[in-house]
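Chemist: model this:
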Amino acid sequence: MLNTKAQALRELTDAELFDRIDTAKQESFNLRFQHVTGQLDNTARLKEVRRDVARLLTELREREIAAAEALEENP
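Modeler: Residues are numbered from 1 along each chain as shown. Model (predicted):
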C-alpha cells in the first residue's frame, strides 16, 4: 500500500510542488527561529516539516529522472 502523503504528492503539478516546497522551507525557517528564541512549543514539528521538504524534493527528482529517461528513449 502506498503512503497516502506520497500518493497525494504524485497528483500535484510541478508548479504546485514548487509552491509547497517554498512554503515548507519558509515554515522550517520560522520554526527554527522560534526554537532558537525559546518560543516553540512543539519541537516535533521541526522533524515533520524537514521530512515534508524531503518528500517534496524526492517527488520532484523522480519526475526529473522520468523526463530525462523519456528524452533518451525518444531522441
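Chemist: mind checking the longest helix of this structure?
Modeler: helix 44-73 (DSSP state H).
Chemist: now residue 43. Nearest residue, chain neighbours left out?
Modeler: residue 35 (6.5 Å; Cβ to Cβ, 6 or more residues apart in numbering). Yep, even glycine has a C-beta here, placed from its N, CA and C like the rest.
Chemist: which ones are touching residue 65?
Modeler: Counting by Cβ atoms under 8 Å, 6 or more residues apart in numbering, residue 65 touches no other residue.
Chemist: what comes into contact with the helix or strand where residue 22 lies?
Modeler: Counting by DSSP states H and E, the element that carries residue 22 is helix 14-37. Defining contact as Cβ under 8 Å, 6+ apart, one finds that helix 14-37 is touched by 9, 12, 40, 43, 45-46, 49-50, 52-53, 56-57, 59-60, 63.
Chemist: so is residue 41 in a helix, a strand, or just coil?
Modeler: Three-state call for residue 41 (DSSP: H, G, I helix; E, B strand; the rest coil): coil.
Chemist: contacting residues for it?
Modeler: Contacts for residue 41 (Cβ under 8 Å, 6+ apart) come out as none.
Chemist: and it, what's its pLDDT?
Modeler: Model confidence at residue 41, given as pLDDT, is 93.
Chemist: point to the residue nearest the middle of the chain.
Modeler: The structure's the chain has its C-alpha centroid closest to residue 56; by Cα atoms, centre = their mean the separation is 2.4 Å.
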